[in-house]
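> I would like to see how this sequence folds:
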Amino acid sequence: MIRLARIGARKQPYYRIVVIEKDRARNGRSIEVVGTYNPRTNPASVDLKHERIAYWRGVGAQMTPIVEKLVKNHPAPATTAAA
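Now for the predicted structure:
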């Protein structure tokens, strides 16, 4: 699964977007951190490793609906190759 793991102090949420086995605890040992999400900034800041997310999706990892929405709303930047 690719899902959110909550970190940060009480009433100050900050999330890591992690690849983790489905049956592990929310903040259990993850396989890889593929991004961060801070809902407290205005606008909310999202940092994603799109190539790693694509890799894990390719090998069968499923995203939670919230992570799917974050990835959809923050697409990978277009790379321009100078010819």
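> hang on, isn't Arg26 packed against Ala5?
Yes: using Cβ atoms under 8 Å as the test, Arg26 is close enough to Ala5 to be in contact (6.1 Å). (Glycine included, C-beta is placed from N, CA and C.)
> ok, the residue nearest to Ser45 when sequence neighbours are not counted - contacts?
Setting aside the residues directly before and after it, Ser45 is nearest to Asn38 in space (Cβ to Cβ, 6 or more residues apart in numbering), at 4.6 Å. Under the criterion of Cβ atoms under 8 Å, 6 or more residues apart in numbering, the neighbours of Asn38 are 14-15, 44-46.
> which SS state does the nearest residue to Ile17 once chain neighbours are set aside fall under?
Of all residues not flanking Ile17 in the chain, Gly35 sits nearest, at 3.7 Å (Cβ to Cβ, 6+ apart). Classification of Gly35 by DSSP: H, G, I helix; E, B strand; the rest coil places it in strand.
> fine by me, we can end here.
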